[in-house]
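Engineer: Give me a 3D structure for the following:
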Amino acid sequence: MDKFELQKLRDLPIEGVAGRLGLEVVRHKCLCPFHDDHHASLSFSVRRNTYRCFACGAHGGVIDLAMGLLNKPFLEACKWLADEHNVIITDCKPREMPPPKPFDARRYARYFERPWLSPEACKFLFDERRLNPAVVRYCRLNSFRDWLQIPYFNRQGELIGIQRRYMGSDPSQPRFRFPAGSECGIYNLPVLNLLKPGEELWITEGCSDCWSMLSAGHKAIAIPSATLLTRKDMELLSTFNFPLDLGRSTLGELSTKFHMYPDCDEPGERLFLQLKQVLPNLEHHQLPPGCKDFSDYYLSAGLAKLPR
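Structural biologist: Okay, here's the model as predicted:
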């Protein structure tokens, strides 16, 4: 396939391609297929022939859309587009992609040595979420321009990734960004080193719920979502059943007690069932009516009592 044939595929009307892929586009918008969307977050630019989701950050062109929805590699997605739109292309070998860049922890570590929060971040964390300032300091949350920077550390306390949440007013900006190579899987892993034998650990969905759970006085970790729970994370979770020091008690006495308030939606319940496979003693707790996640419950139940 030469560059002219490739350009023909990239120039295919993206909304027409979206329709052939099963998306229902209305007024240049549709439900995003890349996350559990209920508000038509995926927008199409006819002029640029691109798409962007302002909730999960998914974006790209015609070929990217086909690759994502069909779960096919580049060459197979191109062949599907050509067959569907009667574009003649020649066979070619897939281009070798350069290896992904590793996360450069030394480059970003300085941001979290003396964390600073912008007025927008303070409003979000303290006025809207009513988080305990001690929790915000413990999590080393930091502002960089219009972004709230959320550091991810491994169990040894080493920086392994950063999640950036947009705090500005530009609607064209994605809600989240991740520097190259960031490993943003299980959040708040260092808390595992603070667990005492038989102590409870709460599993939440997303960083915001984890901050609320910590502010409520519980030890907690966070899983991104059911769709982002990797095999590596599952294997790591399976090792949480028993602390490392088994010298003075029986395994049954040392077993960590796991608890979870799943989000009030289908992905939340699916995440609980996935976790239950590797954590048999995981206890399900039901959120009260009107609360979609633990952050809602934290605010509505009066758990956020600590002053700013």
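
Engineer: Mind splitting the chain into its structural domains?
Structural biologist: For the chain, the domain assignment from automatic domain parsing gives the residue ranges 3-84, 99-129+138-181, 185-308.

Engineer: how close does Gly68 sit to Phe176?
Structural biologist: Computed with CB to CB, to the nearest Å, the distance linking Gly68 and Phe176 is 17 Å. Where C-beta positions appear, they are placed from N, C-alpha and C, glycine not excepted.

Engineer: Just the strands from the stretch 1-150 of the chain, written as ranges.
Structural biologist: Along the stretch 1-150 of the chain, counting by DSSP state E, counting those that start in this stretch, strands occupy 29-30, 42-45, 50-53, 59-60, 142-144, 147-153.

Engineer: Redo the ones you listed as a markdown table? Include mean neighbour count and mean pLDDT.
Structural biologist: Written out in a markdown table, the entries for the strands of the stretch 1-150 of the chain read as follows (neighbours: other CB atoms under 10 Å; pLDDT from 0 to 100):
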| stretch | mean neighbour count | mean pLDDT |
| --- | --- | --- |
| strand 29-30 | 18 | 93 |
| strand 42-45 | 20 | 94 |
| strand 50-53 | 21 | 94 |
| strand 59-60 | 16 | 92 |
| strand 142-144 | 19 | 94 |
| strand 147-153 | 21 | 96 |
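
Engineer: and of these, who's closest to Gly185?
Structural biologist: Ranking those by proximity to Gly185 (CB to CB) places strand 147-153 first, at 7.6 Å.

Engineer: just checking, what packs against the helix or strand that comes right after that closest one?
Structural biologist: Stepping forward along the backbone from strand 147-153, the first helix or strand reached (DSSP states H and E) is strand 159-166. In terms of contacts (3 or more CB pairs under 8 Å, 6 or more residues apart in numbering; DSSP states H and E), strand 159-166 is packed against helix 105-109, strand 147-153, strand 176-177.

Engineer: Alpha carbons of strand 159-166, in CSV - could you do that?
Structural biologist: Output in CSV follows, covering the C-alpha atoms of strand 159-166 (Å, rounded to 0.1, in the frame of the first residue of the first chain):
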residue,chain,number,x,y,z
LEU,A,159,6.9,6.9,40.8
ILE,A,160,5.7,4.7,37.9
GLY,A,161,3.0,6.9,36.2
ILE,A,162,1.0,10.1,36.2
GLN,A,163,-2.7,10.7,35.5
ARG,A,164,-3.5,14.3,34.6
ARG,A,165,-7.1,15.6,35.0
TYR,A,166,-8.0,18.8,33.2
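
Engineer: surely Cys139 meets Pro190?
Structural biologist: No - when contacts are counted by CB atoms under 8 Å, Cys139 is not listed as touching Pro190 (10.0 Å).

Engineer: more crowded one of these two?
Structural biologist: Looking at Cys139 and Pro190 with other CB atoms under 10 Å, you find the greater number of neighbours at Cys139, namely 22 against 15.

Engineer: For the residue lying closest to the more buried one once chain neighbours are set aside, give me its contacts.
Structural biologist: The shortest distance from Cys139 to any non-neighbouring residue, by CB to CB, 6 or more residues apart in numbering, is to Trp211 (6.7 Å). With contacts defined as CB atoms under 8 Å, 6 or more residues apart in numbering, Trp211 is in contact with Leu125, Arg129, Leu131, Val135, Val136, Cys139.

Engineer: low-confidence ranges in the stretch 101-250 of the chain?
Structural biologist: Across the stretch 101-250 of the chain, the ranges flagged by pLDDT under 70 are 226-228, 240-250.

Engineer: returning to what we had before: can you lay out the contacts of Trp211 as CSV showing distance to Leu271?
Structural biologist: Supplementary listing: the contacts of Trp211 in CSV, determined by distance: CB to CB, whole Å:
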residue, distance to Leu271
Leu125, 25
Arg129, 21
Leu131, 23
Val135, 23
Val136, 25
Cys139, 21
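
Engineer: Among those residues, which pair sits farthest apart?
Structural biologist: With CB to CB as the measure, no two of these lie farther apart than Arg129 and Cys139, at 12.1 Å.

Engineer: Tell me which residue is most central in the protein.
Structural biologist: By CA atoms, centre = their mean, the mean C-alpha position of the chain lies nearest to Pro224, the distance being 4.3 Å.
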